[in-house]
Each structure stands twice: as structure tokens, then as C-alpha cells.
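S.K.: can't give you the sequence, but here's the structure:
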């Protein structure tokens, strides 16, 4: 049995809800908010656990020396694209 509920949102909250509803393909803010309430809390916990695992893996790879410093990568890319730009001229 569905019941109607009324909530008050600030202008900023309503604008954010409208944008989120549109981006997620919902026909209305009401549908979007109802979906948020139906999402299983366990799915949120599972996603957070997966994120934690990915972060831990990234940190372990960095500690093992499997990553390069960002400055080194950016310098290499800058040289590569400058060389490519010179060839186009």
C-alpha cells in the first residue's frame, strides 16, 4: 500500500534533486527520491567495501613501487604532445 508523503526542500536542494533525477533518467523528482529510499543499505555497504578494497590495492601498489610519480608522467605526456604539435604545424 502506497502512501503520499510531503517533504520540504530548499531551492538549492530541489535544484539538486531535479538535476539528479534528470541525469539518472527518472521522470520526476518523486520517482528519484522514492528510488533512493528503496536502495538496499547493504548495496551501499557493499559499494563502500569495494571502494575501500580498491583504495587499499592502490596504496599497496604504490608502496611496492608499481606507480610512477604524477610529475614524471605529466612531464612525459607534455613532451609527447608538444612533439606531436610541432609535427602538425
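M.R.: Everything's here; your move. Everything numeric in this text was worked out from a predicted model, so none of it was measured. Numbering: from 1, shown residues only.

S.K.: And residue 82, how far from residue 72?
M.R.: Plainly put, residue 82 is 16 Å away from residue 72 if you go by C-beta to C-beta, to the nearest Å. No exception for glycine: its C-beta is placed from N, CA and C like everyone else's.

S.K.: same question but for residue 80, I mixed them up
M.R.: 13 Å.

S.K.: and if you look at residue 21?
M.R.: 43 Å.

S.K.: center of this structure, which residue is that?
M.R.: For the chain, the residue nearest the mean C-alpha position is residue 51 (11.2 Å; C-alpha atoms, centre = their mean).

S.K.: that older thread, residue 21 and residue 72 - which one has more neighbours?
M.R.: residue 21 (18 against 10; other C-beta atoms under 10 Å).

S.K.: Now the more buried one: closest residue in space that isn't a chain neighbour?
M.R.: residue 32 (3.7 Å; C-beta to C-beta, 6 or more residues apart in numbering).

S.K.: residues making contact with stretch 49-64?
M.R.: residue 67 (C-beta atoms under 8 Å, 6 or more residues apart in numbering).

S.K.: And for stretch 9-21?
M.R.: Against stretch 9-21 from outside (C-beta under 8 Å, 6+ apart): 27, 28, 29, 31, 32, 33.

S.K.: Let's see that with 10 Å instead.
M.R.: Contact partners of stretch 9-21, identified using C-beta atoms under 10 Å, 6 or more residues apart in numbering, comprise 7, 8, 26, 27, 28, 29, 30, 31, 32, 33, 35, 36.

S.K.: Looking at those residues, which is nearest residue 47?
M.R.: Among the contacts of stretch 9-21, residue 36 lies closest to residue 47 (C-beta to C-beta), at 14.0 Å.

S.K.: if you count residues, which helix in this structure comes out on top?
M.R.: Under DSSP state H, the helix in the chain containing the largest number of residues is helix 41-63.
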